[in-house]
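Trainee: pasting the sequence and the predicted coordinates here, then a few questions.
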Amino acid sequence: MNAVTFQYINDLADQVILEYDISIPILDIDGVVQRIGGKVEEKADLDILYDGRVRKDGAASFCIEVATYLSPRRRTFTIAHELGHLFLHMGYRTNWKRWMEMDDAVYMPFGVSMQEDQASEFAAALLMPRDQLGGAIEKHTHGDSVDMTEVAKCLHVSPAAAINRGRLLGYL
């Protein structure tokens, strides 16, 4: 992902946080989805190749379906990832023409792709905005080491997600 796309995605996540008055850390991702105009449904019958998917559910609504077997933190990241597809690739509230052309389509790309990377970056930026991550890292830095397990707990994400984001933003 190039620097311009990275910045656009992070700026979009910041705008979504401001527009919908989302508190960080996100403790209730289902409530965030409702505030944005959608709903979350848990599905036991999702294909093993993916944890979630998003679909248009009328002209002004959407539904994110997630697998029932996900841990709470993985579930939150998956829903945030699907919000990335919603805003970035489906055009929800960002590109009216694209959104209207979606019909009642399900957005569910498979495997590794540029769009998957973009949606994951959106999820990371939504769950761990730069300033909040930096503050958590500063709070849990002791000498030359950072307790990333505590940083992850502060932001309600997995340690791996916090470490990846910290490295990407140049904190680690």
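Mentor: Here it is on my side, so go on. Numbers count the residues shown, from 1 in each chain.
Trainee: from here on, contacts and neighbour counts on C-alpha atoms
Mentor: OK.
Trainee: got the phi and psi for the most centrally placed residue in the chain?
Mentor: Central residue of the chain (Cα atoms, centre = their mean): residue 123, 2.0 Å from the mean position. Per-residue torsions, residue 123: phi -60, psi -50 (degrees, to the nearest 10).
Trainee: repeat for residue 58
Mentor: The phi/psi pair for residue 58 (degrees, to the nearest 10) is phi 100, psi 180.
Trainee: per-residue confidence for residue 59?
Mentor: What the model reports for residue 59 is a pLDDT of 86.
Trainee: give the contact list for it.
Mentor: Residues near residue 59 by Cα atoms under 8 Å, 6 or more residues apart in numbering: residue 100.
Trainee: quick one: classify it as helix, strand or coil.
Mentor: Using DSSP: H, G, I helix; E, B strand; the rest coil, the secondary structure recorded for residue 59 is coil.
Trainee: mind checking pLDDT for the residue nearest to the centre of the chain?
Mentor: pLDDT, residue 123: 98.
Trainee: was I right about it contacting residue 83?
Mentor: Yes: between residue 123 and residue 83 there is a contact under Cα atoms under 8 Å: 7.4 Å.
Trainee: mind listing what's buried along the top helix by length along the chain?
Mentor: If you go by DSSP state H, the chain has its longest helix at helix 3-19. Using 16 or more other Cα atoms under 10 Å as the test for burial, helix 3-19 gives 9-14, 17.
Trainee: any idea how far the residue nearest to the centre of the chain is from residue 51?
Mentor: Between residue 123 and residue 51 the distance is 14 Å, computed by Cα to Cα, to the nearest Å.
Trainee: just residue 165 next, same as before
Mentor: The value you get for residue 165 to residue 51, if Cα to Cα is used, is 21 Å.
Trainee: can you check residue 136 too?
Mentor: Distance of residue 136 to residue 51, computed by Cα to Cα: 28 Å.
Trainee: next one: residue 75
Mentor: Using Cα to Cα, residue 75 is found at 8 Å from residue 51.
Trainee: do the same with residue 152
Mentor: 21 Å.
Trainee: distance between the helix or strand hosting residue 166 and the chain's centre?
Mentor: Secondary structure from DSSP states H and E places residue 166 in helix 159-168. Relative to the centre of its chain, helix 159-168 is centred 14 Å away, using Cα atoms, centre = their mean, to the nearest Å.
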